[in-house]
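Engineer: Using only what follows, build the 3D model:
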Amino acid sequence: MRLSVLLIGLLLASPLAAAEHAVAPGPGSLAAAVAGALPGDVLTLTDGAYAGPVTIDRPLTIVGPRTAVVDGLGEGSVLTVTVPDVTLTGFTVTGSGRVNQDLDSGVKIVKGADRARVENLFVTGNMHGIDVHGGRNSAIIGNEIVGTDSPRMNERGNGIYVWNSPGTLLENNVIRYGRDGIFSNASADSIYRGNIMRDLRFAVHFMYTRNTEVSGNISIGNHLGFAIMFSDRARIRNNLSLGDREHGLMLNYANNADVTGNLVRGGTKKCLFIYNAHKNLIWDNRFEGCGIGIHFTAGSEKNVLTGNAFVANREQVKYVGTRNMEWSHEGRGNFWSDHPAYDLNGDGIADSFYRPNDLMDQILWSQPAASLLTGSPAVQLVRWSQRDFPATLPGGVRDSAPLMRPLSISVPSEILAYEAEAAGRWTEGNYDDTDADTLSAH
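Structural biologist: Numbers count the residues shown, from 1 in each chain. Predicted coordinates:
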C-alpha cells in the first residue's frame, strides 16, 4: 500500500512528457502555436510560409525543413528568443527589418536566453543573420547565412553578431555577403571554429573580446581576413585566409594571443599586420604571396616569432621603428624565401643570420618619391656600406637562426575552387566602399 502511494506521488510530481505539435503554415499560426505550447514541447513546421515576427518566450524546440519559411515581413527581428533552452532547427528565416541600429535580425537571442541552440537554418534576406545579444552558452551550428550585398558595405549587417555572450559556440556555419562574417564585441570565453566566410568586409572581427578561440575557419575573397582588435588572450589557430584584400591577419591593440598553424596566401597587401600589439606568440604559420609578409609597427613589444614561413612576398618585412628586434626563439627562427642561406652541418638552421631591412628601406617607406633612386649608384653604395659595416645599420629586425625549409599547410580540395573564383578580383577594382586599411573604418 505504501509503495503504491509512493509511486502515485512520484507520478504526480513528474513533469508531463513533452508533446509534439504539427504547425500548419499561414498568417499567425506559428505565434499561436508558441502561445499555446507548454515548456519542452516540439513544434514541427511543414512546407509553406509562416508569418513573423514571433517571440519565443518559453523553452521549445521548433523544427522544420528548409521549405518551411518564417518571414518577418520587414518588421524588426524575425524570431526573438527570450528564455533559456530554446532549439531552432532546419527551416528558413527571412525578411527582417532594415534598421541597422536596432540590430534587426533573422534570429535574435537576448540576455537571459541561455543555452539557445540554432542549427542547420537557412538565414537569408535579413539585416543581421543571427544576433547573440546577451544569451550565454549558445550553440550556433551548421547554418547557412546569406546577407545583403548592397553597394555600401558598411551599411550592411553582420552574418553572426556576438555581444556580451560568454560561452558561445559558432561552428561549421557558412556565411556569405553582408558586412562582417562574425563580429564579436565585448564578449569572452567562446569558440568560433570551422566556419567558411566569403565576400565580406572582415571574416572575423574582434573588439574587446577575451579568451576566445578562432580555429579552423576559412576566409576567402574578403577585404580583411581575421581582425583581432583591442582584445586579449585570443587563440588564432589553423585558419586559412585566401585571396583577401588588405590583411590576412591583423593584431591591433591585441595582447597575449597565441597565433599558430594559419595560412595567409595570395592577393593580400599584408599577410600579417601588427599594430601596437604586445606579448603575442606567433609560431608555425605560413605567409605567402603578399605585397608585404609582415608589417610591424607602433611600438609593439615582447612578441615572439618562430617557425613561420615567409614565402614569395614582394617585401618580406616592413618594420617601422628604431629598436633592434630578434625574431628567433631558443635557437629556432623563421624561413625566408629570399635568404640565400646554406647549412653546412645539416641541422636545418641556416649558418648566416637574416636581416630584411636597412636604412634605405626606411627612407623609401617615409619618402615614397625616393623610390626613383633605388637603382642609383649612391643607394647601392649605402647598402654595400651597411652590409660590410653593420655598425652603421639602424635598429631593425634580425633573425639569428633562419630555417632552411618552410612548413607546408594544405588547403582542402573543395576550397581550392573558391580560392580560384576569388583570384584577381582586387586587381579589377572591385573594392565596394570601404577602406580596411583605415583603422577608424573598423
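Engineer: Can you get me a residue count around the closest residue to residue 348 other than its chain neighbours?
Structural biologist: Nearest non-adjacent residue to residue 348, counting by CB to CB, 6 or more residues apart in numbering: residue 404, 5.3 Å away. C-beta here means a position set from N, CA and C on the backbone, and glycine is covered the same way. A count of nearby residues for residue 404, using other CB atoms under 10 Å, gives 15.
Engineer: Quick check: which element contains the nearest residue to residue 294 once chain neighbours are set aside?
Structural biologist: Distances taken as CB to CB, 6+ apart place residue 272 nearest to residue 294, at 4.5 Å, with adjacent residues excluded. Element membership of residue 272 [criterion: DSSP states H and E] is strand 270-275.
Engineer: Stretch 24-31: which residues count as buried?
Structural biologist: Judged by neighbour count using 16 or more other CB atoms under 10 Å, the buried positions of stretch 24-31 are 25, 29-31.
Engineer: Give me the below-cutoff pLDDT ranges for this structure.
Structural biologist: When residues are selected by pLDDT under 70, those of the chain lie in 1-17, 357-395, 428-442.
Engineer: What's the end-to-end length of stretch 60-76?
Structural biologist: In terms of CA to CA, to the nearest Å, the two terminal residues of stretch 60-76 are separated by 21 Å.
Engineer: same question, stretch 50-61
Structural biologist: Counting by CA to CA, you get 16 Å between the two ends of stretch 50-61.
Engineer: quick one: the residue nearest to residue 294 from residue 206, how far?
Structural biologist: Distance, residue 272 to residue 206, by CB to CB, to the nearest Å: 16 Å.
Engineer: got it, and residue 69?
Structural biologist: Taking CB to CB as the criterion, residue 69 is separated from residue 206 by 33 Å.
Engineer: and the residue nearest to residue 348, what is it in contact with?
Structural biologist: Going by CB atoms under 8 Å, 6 or more residues apart in numbering, residue 404 touches 335, 341, 343, 348-350.
Engineer: Buried only: go through those for me.
Structural biologist: Judged by 16+ other CB under 10 Å, buried ones among the contacts of residue 404: 335, 341, 349-350.
Engineer: about what we covered before: please compare residue 69 and residue 206 by neighbour count and tell me which comes out ahead.
Structural biologist: Legend: neighbour count by other CB under 10 Å for residue 69 and residue 206, higher for residue 206 (30 against 22).
Engineer: what's the spacing between the more buried one and residue 162?
Structural biologist: On the measure of CB to CB, residue 206 and residue 162 end up 10 Å apart.
Engineer: what sits in contact with each of those two?
Structural biologist: Between them, residue 206 and residue 162 share the contacting residues residue 184, judged by CB under 8 Å, 6+ apart.
Engineer: any idea how far the nearest residue to residue 230 once chain neighbours are set aside lies from residue 49?
Structural biologist: In space, and not counting its chain neighbours, residue 230 is closest to residue 253: 4.7 Å by CB to CB, 6+ apart. As judged by CB to CB, residue 253 and residue 49 stand 46 Å apart.
Engineer: how long is stretch 214-225 end to end?
Structural biologist: End-to-end distance for stretch 214-225: 12 Å, by CA to CA.
Engineer: moving C-terminal of the strand holding residue 272, what's the next helix or strand?
Structural biologist: Note on strand 270-275: by DSSP H and E, the next helix or strand toward the C-terminus is strand 281-283.
Engineer: Give the other helices and strands that that next one contacts.
Structural biologist: Applying 3 or more CB pairs under 8 Å, 6 or more residues apart in numbering; DSSP states H and E, one finds that strand 281-283 makes contact with strand 258-260, strand 304-306.
Engineer: Buried ones in the first one, by neighbour count?
Structural biologist: Judged by neighbour count using 16+ other CB under 10 Å, the buried positions of strand 258-260 are 259-260.
Engineer: Next, give me the two most distant ones among the contacts of residue 404.
Structural biologist: Greatest spatial distance in the contacts of residue 404: 335 and 343, 12.0 Å, computed using CB to CB.
Engineer: my read: residue 314 touches residue 271, true?
Structural biologist: No: between residue 314 and residue 271 there is no contact under CB atoms under 8 Å: 10.8 Å.
Engineer: With neighbour numbers in mind, choose between these two.
Structural biologist: Neighbour count, other CB under 10 Å: between residue 314 and residue 271, residue 271 has more, with 32 against 10.
Engineer: pretty sure the more buried one is in contact with residue 313, am I right?
Structural biologist: Yes: if you go by CB under 8 Å, residue 271 and residue 313 touch, sitting 6.5 Å apart.
Engineer: what touches both of these two?
Structural biologist: Common contact partners of residue 271 and residue 313 (CB under 8 Å, 6+ apart): 287-288, 290, 292-293.
Engineer: and of these, the nearest to residue 299?
Structural biologist: Among the shared contacts of residue 271 and residue 313, residue 292 lies closest to residue 299 (CB to CB), at 18.5 Å.
Engineer: these two touch, right, the residue nearest to residue 230 and residue 276?
Structural biologist: Yes: here residue 253 lies in contact with residue 276, judged by CB under 8 Å, at a distance of 5.3 Å.
Engineer: These two: which has the busier surroundings?
Structural biologist: Ranked by neighbour count (other CB under 10 Å), residue 253 and residue 276 place residue 253 first, with 18 against 15.
Engineer: Am I right that residue 206 sits in a helix?
Structural biologist: No: assigned with DSSP: H, G, I helix; E, B strand; the rest coil, residue 206 falls outside any helix and is strand.
Engineer: partners of it in the sheet?
Structural biologist: For residue 206, the beta-bridge partners are residue 184, residue 228 (DSSP bridges).
Engineer: which residues does it contact?
Structural biologist: Taking CB under 8 Å, 6+ apart, we find residue 206 in contact with 184, 212, 214, 227-231, 234, 254.
Engineer: Tell me where the stretch 251-400 of the chain has strands.
Structural biologist: Assigned by DSSP state E, counting those that start in this stretch, the strands in the stretch 251-400 of the chain fall at 258-260, 263-265, 270-275, 281-283, 286-288, 292-297, 304-306, 309-311, 315-319, 325-326, 335-336, 397-398.
Engineer: Please consider this matter closed, and thank you.
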